[in-house]
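Trainee: Take a look and give me a structure for this.
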Amino acid sequence: MVNILSIINYVLNLIYPNVCGICDKIYKKNLCPKCEIRLNNLAKFKIDYYNNKYFSKHLYIFKYEGIIKNKLIDYKFNQKPYIYKCLIEFITKNKKFCKILKSYDIIIPIPIHYFRKVKRGYNQSELLAKGISKILGLNYKNNVLKKIRNNKPQSTKNKKDRKENVINAYKIKNVDEVTGKSIILLDDIFTTGNTVNECSRVLKQNGAKDVAIITIAKD
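Mentor: Down below sits the predicted model:
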C-alpha cells in the first residue's frame with residue numbers, strides 16, 4: 001500500500017525544494033559545501049569573559065558584518081525562517097562550543113513579546129535554541145522567561161537609549177526551573193548587550209547560579 005504521507009512529502013519537496021540557507025541554491029542539505037567553506041573562513045568562535053555584567057561569558061560565532069549581517073537581517077525581518085537550519089548545522093559541528101553548551105543545565109531563548117511573535121510568525125532565537133538543543137540533547141526551556149512589555153525594538157534605538165528600553169521588560173514564569181541552575185541564554189545578535197544583561201539580571205535575582213550568553217554574531 002502506498003504511503004500517503006510519503007507522496008505528500010514528495011510533492012512538497014518538488015514544489016518547495018530544500019535550499020542552502022546562505023546561497024539559496026537548491027541543495028539536499030541546509031548548507032552546501034561551498035557555503036560551509038565560506039562560513040568557516042568567516043567564523044570566529046570566540047568567548048568573551050565579563051565580571052561587570054550579570055552574565056559571566058559571551059560565546060559568539062561571527063562578527064556582525066557582510067554576508068552574516070545580511071543573512072541575519074533576512075532571517076529576522078524578511079520572512080526567511082529556514083536560515084536557522086544552516087546556522088544550526090554549522091554551529092553544532094564545532095566541538096569546543098558544543099562541549100561548553102553541554103556543561104550547562106538549561107538553554108533558554110531570549111523571548112519576544114507575544115504581539116511581535118504573532119506579527120513575525122516566529123521567534124528567531126527560539127528556533128535556534130530549540131534546534132541546537134535537539135541535536136546536542138540539551139534541556140531546552142521556552143516557558144521560563146517571558147517578555148511582558150512590548151517596547152520598541154532595540155534596533156530602532158541608539159546605544160544610549162537601549163539600556164533604559166529593556167528595563168523591567170522581562171519576568172520569570174517558573175522560578176523553580178532556574179533556582180540553582182547554570183543557564184545558557186541564546187540570542188541572534190549582540191550589540192550593546194543590554195537585552196541579554198537585563199534577562200541575566202532577572203534570572204540571577206531569581207536564583208540562577210550562572211548565566212552565559214551565546215549569539216550568532218557580535219556587532
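
Trainee: Kindly provide the distance from Leu127 to Asp176.
Mentor: 26 Å (Cβ to Cβ, to the nearest Å). All C-beta atoms are positioned from the backbone trio N, CA, C, and that covers glycine.

Trainee: center of this protein, which residue is that?
Mentor: Residue closest to the average C-alpha location in the chain (Cα atoms, centre = their mean): Ser125, at 3.4 Å.

Trainee: between Leu127 and Asp176, which one's more packed in?
Mentor: Leu127 (20 against 11; other Cβ atoms under 10 Å).

Trainee: Thought Phe62 was touching Ala43, still the case?
Mentor: Yes: the criterion here is Cβ atoms under 8 Å, and Ala43 meets it with Phe62 at 6.2 Å.

Trainee: what about these two, which has more around it?
Mentor: More crowded of Ala43 and Phe62, by other Cβ under 10 Å: Phe62, with 24 against 16.

Trainee: Surely the more buried one is in a strand?
Mentor: Yes: under DSSP: H, G, I helix; E, B strand; the rest coil, Phe62 falls within a strand.

Trainee: shouldn't it be in contact with Leu42?
Mentor: Yes: contact criterion Cβ under 8 Å: Phe62 and Leu42 qualify, at 5.7 Å.

Trainee: Let me know how buried the closest residue to Lys28 other than its chain neighbours is, in neighbour terms.
Mentor: Leaving aside its sequence neighbours, Lys28 sits nearest to Asn18 (Cβ to Cβ, 6 or more residues apart in numbering; 6.2 Å). The local packing of Asn18 (other Cβ under 10 Å) involves 13 other residues.

Trainee: In contact with Asn18, which residues?
Mentor: Contacts for Asn18 (Cβ atoms under 8 Å, 6 or more residues apart in numbering) come out as Ile26, Tyr27, Lys28, Lys29, Asn30.

Trainee: What pLDDT is listed against it?
Mentor: In this model, Asn18 is scored at 89, pLDDT.

Trainee: Lys130 and Leu138 touch, don't they?
Mentor: No: between Lys130 and Leu138 there is no contact under Cβ under 8 Å: 9.7 Å.

Trainee: which residues of this protein fall in strands?
Mentor: Remark: strands assigned in the chain by DSSP state E are 46-49, 57-63, 106-109, 145-147, 170-172, 182-190, 210-218.

Trainee: Nearest to Asp74 among these would be which one?
Mentor: strand 182-190 (11.6 Å; Cβ to Cβ).

Trainee: Neighbouring strands - and their directions - for the closest one?
Mentor: strand 106-109 (parallel), strand 210-218 (parallel) (DSSP bridges).

Trainee: mind giving me CSV with those strands and columns for mean pLDDT?
Mentor: What follows is those, written out as CSV (pLDDT from 0 to 100):
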stretch, mean pLDDT
strand 106-109, 98
strand 210-218, 98
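
Trainee: burial count for the closest residue in space to Ile135 that isn't next to it in sequence?
Mentor: Leaving aside its sequence neighbours, Ile135 sits nearest to Thr92 (Cβ to Cβ, 6+ apart; 4.8 Å). A count of nearby residues for Thr92, using other Cβ under 10 Å, gives 16.
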